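[1] How does the following fold in three dimensions:
(chains A, B and C, ligands or ions: 2)
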Amino acid sequence: MEPIDIGIWVTAGLFLVVVLGMRVAFAAALAGLVGLVWIFWSKKGYAGDDFLWALTVAVKTAGQVPHSKVASQALSLIPTFILIGYLAYYAGLTRALFEAAKRWIAWVPGGLAVSTVFATAGFAAVSGASVATAAVFARIAIPEMLKIGYDKRFAAGVVAAGGTLASLIPPSAILVIYAIIVEQDVGKLLLAGFIPGVVSACIYGLLIVGLALTLKNFGPPVRGFTWGQRFRALPPALPIVFVVVTIIFFVYNPFGGDAWGTPTEGGAIGAFVVFLMALWRGMRWPQFKDALLETARLSVMIFTIIWGVLIYVRFLGFADLPGAFSDWITSLDQSPMLTLVLILLAYAVLGMFMDAIGMLLLTLPVVYPAVMALNGGEFVSAEDSAFGMSGPMCAIWFGILVVKMAEFCLITPPIGLNCFVVAGVRDDLTVQDVFKGVTPFFIADAITIAVLIMVPGIVLWLPSFA
Amino acid sequence: MAAHVPVLEDDSLLSRLDRVLYRVERVLALLSGLAVFALMVLAVMSVGGRNFLNQPVPGYVDWIQQAMPLIAFMGISFTQRDGGHIRMDILIGALKGRFLWAAEFLTTFAMLILMALLVWGTWAHFQRSFDFAAPMWSRDSSFDINLPLWPAKLLAPVAFSVLCLRLGLQLWAYGRAFVLGLVEPVAVPLVQSAAEQAAAEAEHVSGADG
Amino acid sequence: SEALATEWNVSLWGKRRAFTEHVEKLAELVSEKTGGEFTLNISYGGLSKNTENLDGISIGAFEMAQFCAGYHRDKNPSITVLELPFLGVESLEQEREISMALYDHPAVKADLARWNATLLMPSPLPQYNFVGVGDAPRTLDDFKGLSVRATGGIGAAMETIGAVPTSMSATEVRQALDSGVVKAVSFAPHAHMSFGTIETGSWWTTNLNPGTVNCPVVINTDALNALSDTERTALLGSVDEALEYYIDYYNNQTMAKWGPALDERGIERVSYGPEEIAAFKAAAAGPAATAWIEENSARGLPAQELYDFVTGMVGQ
Ligand code: NA
Ligand code: NA
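    Residues are numbered from 1 along each chain as shown, chains lettered A, B, ... in the order given. Ligands and ions are numbered 1, 2, ... in the order given. This is a model prediction of the structure:
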């Protein structure tokens, strides 16, 4: 059997064991290991004596992956960005944001849900991980929505969808992962995510208002806050501005001088600022220990997926499946824009079955060069390009599109991490409930993607200054 | 805050072993969290050192690379104990009784075989970087300040061995549940009943408030 | 059973570039000479991480790989002698000749044999130099307090003139230069172009020449021994031609682009007088060599002999 065929069979097997309920990280690692044994053994013509050799080589090859892949400076942004999220919870920022959003916006139809979306967007400016954001807001926003009669599935859906904003609005762990894979400037990508994140939040908000106007018994508006109450809600949320400014100065100094450091350092300094804030707000060892344990739990879950999927990717490398895909994509005889849209659709389908980070790790080494080639190459000028933007700008634009797709896959069944997390935090909700509640947001995400494709300026305006 | 489900306890040997192992796992996970915190402190020192003393932390990247395996591996068994590694539970969530325990037993068994093989593979990875005869026992060191890499590489087989113990306990628990036809076995993550959920939630909400 | 055609997997990294042209050429020649019976299947990063190519060779996961000695000096101490600062190697041809001779040294062969690896050929690179931002350092004194991205022997050398070496991954280099975290970055010209340092930089040191890195191509010894005579002849007999192609490509294509690339961006060329370079060399070269010899003698290598072997060839 050809390596490519082995690649296809093992991939089918991976989907089977995932559906059977094996934990995803380990299913991917197992598929990778089995695939490696198969490939090495096939090289020896499946001779009986050679099975043990093939097993040994495969196990040792797979055994390199966990340490070698996680011992990376760039990936260190992920746990720091997660820690910020949990510390911000203890610094009272989550509650303060939600309270401020409620007093200022909850008077619109579907008010509390709209407030939740904008509070998650605000929190996204300190949190780098979508799952962490969904986790803390499931705790704060869902009970309030239930209290005034929201459908519990919709309330959960709002939080799961709102959580995805954390990965567009900087800081963002997944934008960092994209930047690393395609070797682009992390700072520019982080800046580029800001406006699309805000646009995405506004589209979520409009969708909720629309639903509230058309559906009976949807959550009622919350009125009656005085202007005094509104302004009093602002100061507790202000520290978030301070954190945002810190992170921006580390990525890009708006006053034209040197930035203060690398994004990695910016993330860590942001976390440190929030840490001091949490101490000031009364966080002590028991709460701090809790934050550390939760950070460890989420980090280890993500890293296990990373190395598990990368064992599988290592096997794909030996099977040369990415190469075959790349040849196929570039041989297509159709307009580049149609190909791009098809690629994004493929991400939507793949995203149903995969976790966001795994999906990017798996596909970008193949898809990114193909997209750059579609546009006319890495160094093409805007005039000569297919999408009307220079090579480096195309890298940024595609990055934001693909991260938005990756965020979309965090809320699509059957594997949607944000929905799992919300269901996990709220014991009265099953995963199926959350998936039902989040369905309307698929439309909002489709609209956002279409807007970002048609008006690339939304993505490219801010980084063009850096 | 993140997804985890309760694990029942009683006076059986299995449950006592579960709790002993859980204590070990908690300590390892806390080490991992402290490593994240240490990264943060290190960055503050690096920035401060560079901007105020013109003397960055020597080998900043090397230290980060040493800390990352601590963060990535040490909590792996802790997370498995509470059911925190994600999976698709559409099919398995629909199963009941012996079918459920049989399915759990099989996927856990597959995990155990995988992790046992990976203990071997990651141990071999460690061994290639370790040499009793060499200075600092090191046959592979970091780029800038030449920290030996073997301690960080050793963390993978250590953490994976603890996970193998955990998987062994879970196999025992699922096997026992299958044989005895139990409804709520100890020492494995369960899906809660509605009443218990409400109680647990009330207890939680009255605790820390953000 | 039918005889299987021999297919070797080759683990490189990054993308196809001047640095990998000899392997690409070798693959072409070997396939040609054996009528397609023996092929080299080159993978850019799919089979291993670059710092673990030697591990992959020792496991037997793939049959051929490229790596740089400085990635892991404990794994291959014997060949790091070629990365010592100020050895005085002046051309790619000389770098190739000395590398090939050293790769044949019994102590070096034994060092690599621990990894079940046989050294096939070098990937000669020119001397590293700095691209930087801000005021150009016109004298070596100006390097005092300057934060630079320089690793290994080059970093150690820069420390002797008061520069502050800062470490970071290659993907952060551009960002660090943009943001002023480092003021200068040392690479070979092809890397300055591919990592985009010249997009930000305003000056380039033409003749600091503190040293370079040594990046051999190795093969798994068992796989080499398992080749038929025809296959082995085709492989080993193509090395010279592949290296000639590589050096010609680097000198006539990459270096030809380098000058115009600097001019296009208005990058200033900074050169240092012979006395200054001599003083730098005196401060950096001697101590680095002494330290290297001492450390590697402790490892049980004939370090003095290897050092004399290399410097003797340079002096010729
Ligand atoms: Na964010
Ligand atoms: Na999904």
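
[2] Just give me the neighbour total for C:Leu29.
    19 (other CB atoms under 10 Å in any protein chain shown). All C-beta atoms are positioned from the backbone trio N, CA, C, and that covers glycine.

[3] residues contacting the closest residue to it other than its chain neighbours?
    In space, not counting the residues next to it along the chain, C:Leu29 is nearest to C:Ser238; the distance is 3.9 Å by CB to CB, 6 or more residues apart in numbering or on different chains. For C:Ser238, the residues meeting the contact criterion (CB atoms under 8 Å, 6 or more residues apart in numbering or on different chains) are C:25-26, C:29-30, C:33.

[4] ok, now with 10 Å
    C:22, C:25-33, C:121, C:245 (CB atoms under 10 Å, 6 or more residues apart in numbering or on different chains).

[5] Quick check: of those residues, which lies closest to ligand 2?
    Closest approach to ligand 2 among the contacts of C:Ser238 (CB to the ion): C:Ala27, at 40.0 Å.

[6] can you pull the pLDDT of the closest one?
    Looking at C:Ala27, its pLDDT is 97.

[7] Also C:Val10?
    As summarised for this prediction, C:Val10 has a pLDDT of 97.

[8] And it, its phi and psi?
    When read as degrees, to the nearest 10, the backbone of C:Val10 gives phi -120, psi 120.

[9] who does it bridge with?
    Beta-bridge partners for C:Val10, by DSSP bridges, are C:Ile42, C:Met64.

[10] Now for it, how many residues are close by?
    By other CB under 10 Å, 24 other residues sit near C:Val10.

[11] How about the one 5 residues further on?
    Under the neighbour criterion other CB under 10 Å, C:Lys15 is assigned a count of 13.

[12] hang on, it in a helix?
    No. When DSSP: H, G, I helix; E, B strand; the rest coil is applied, C:Lys15 is found to be coil, with no helix at that position.

[13] so who does it touch?
    Contact partners of C:Lys15, counting by CB under 10 Å, 6+ apart, are A:183, A:369, A:378, C:44-45, C:194.

[14] try 8 Å
    For C:Lys15, the set of contacting residues under the criterion of CB under 8 Å, 6+ apart consists of C:Tyr44.

[15] How much space separates it from C:Tyr128?
    21 Å (CB to CB, to the nearest Å).

[16] and residue 151, what does it touch?
    Unless you meant another one, I'm taking chain A. Residues in contact with A:Asp151, defined by CB under 8 Å, 6+ apart, are A:Gly437.

[17] not quite, I wanted chain C
    Residues in contact with C:Thr151, defined by CB under 8 Å, 6+ apart, are B:143-144, C:70, C:165, C:167.

[18] Ramachandran coordinates for residue 20?
    By default, I'm working from chain A. phi -70, psi -10.

[19] wait, I meant chain C there
    phi -120, psi 10.

[20] Look up the closest residue to it, ignoring the ones flanking it.
    Counting by CB to CB, 6+ apart, C:Thr20 lies nearest to C:Leu12, which is 5.3 Å off, once chain neighbours are set aside.

[21] for A:Ile181, same thing?
    Using CB to CB, 6+ apart and skipping residues adjacent in sequence, the residue nearest A:Ile181 is A:Leu364, 4.5 Å away.

[22] can I assume the one you found sits in a strand?
    No. Under three-state DSSP, A:Leu364 falls outside any strand and is assigned helix.

[23] For it, which residues are in contact?
    A:178, A:181-182, A:402.

[24] helix or strand right after whichever strand or helix holds C:Met100?
    C:Met100 is part of helix C:92-103 when elements are defined by DSSP states H and E. Heading C-terminal from helix C:92-103, the first helix or strand you meet, by DSSP H and E, is helix C:106-113.

[25] centre of the chain versus the one helix or strand A:Pro66 maps to, how much separation?
    Assigned by DSSP H and E, A:Pro66 belongs to helix A:51-70. Distance, stretch centre to chain centre, for helix A:51-70: 29 Å (CA atoms, centre = their mean, to the nearest Å).

[26] Now do the buried residues in it.
    Judged by neighbour count (16 or more other CB atoms under 10 Å in any protein chain shown), helix A:51-70 contains these buried residues: A:54-70.

[27] and if you look at stretch B:160-179?
    By neighbour count, and taking 16+ other CB under 10 Å as the criterion, the buried residues in stretch B:160-179 are B:160-164, B:166-167, B:169-178.

[28] Give me the subset of those residues lying in helices.
    B:160-164, B:166-167, B:169-178 (DSSP state H).

[29] what sits against residue 124?
    The chain I'm using is chain A. With CB under 8 Å, 6+ apart, A:Ala124 has these contacts: A:133, A:165-169, A:197.

[30] looking at chain C here, not the other one
    Applying CB under 8 Å, 6+ apart, we find C:Pro124 in contact with C:92-93, C:95-96, C:99, C:243, C:246-247, C:250.

[31] Which positions in the stretch 1-150 of chain A make contact with ligand 1?
    Taking CB under 5 Å from the ion as the contact definition, the stretch 1-150 of chain A meets ligand 1 at A:Ala124.

[32] Considering only the stretch 1-150 of chain A, name the residue that lies closest to ligand 2.
    Across the stretch 1-150 of chain A, no residue is closer to ligand 2 than A:Val24, which sits at 10.8 Å (CB to the ion).

[33] burial of that residue, as a residue count?
    A:Val24 sits with 26 neighbouring residues when counted by other CB under 10 Å.

[34] Can you check the pLDDT for residue 209?
    This is for chain A. In this model, A:Val209 is scored at 92, pLDDT.

[35] hmm, I had chain C in mind actually
    Reported pLDDT at C:Asn209 in the predicted model: 89.

[36] Look at it and tell me its secondary structure.
    From three-state DSSP, the assignment for C:Asn209 is coil.

[37] That one and chain B: what is the separation?
    Spatial separation of C:Asn209 from chain B under the definition CB to the nearest CB, to the nearest Å is 22 Å.

[38] any idea how far that residue lies from A:Gly457?
    46 Å.

[39] Looking at the two, which is more packed in?
    A count of neighbours by other CB under 10 Å puts C:Asn209 above the other of C:Asn209 and A:Gly457, at 21 against 13.

[40] which ones are touching the residue lying closest to the more buried one once chain neighbours are set aside?
    Spatial nearest neighbour of C:Asn209, excluding adjacent residues (CB to CB, 6+ apart): C:Gln127 at 3.9 Å. Contacts for C:Gln127 were tallied using CB under 8 Å, 6+ apart; they are C:89, C:188, C:208-212.

[41] repeat for A:Gly13
    A:31, A:34.

[42] quick one: which helix or strand includes it?
    Secondary structure assignment for A:Gly13, by DSSP H and E: helix A:3-19.

[43] Cool, thanks, talk later.
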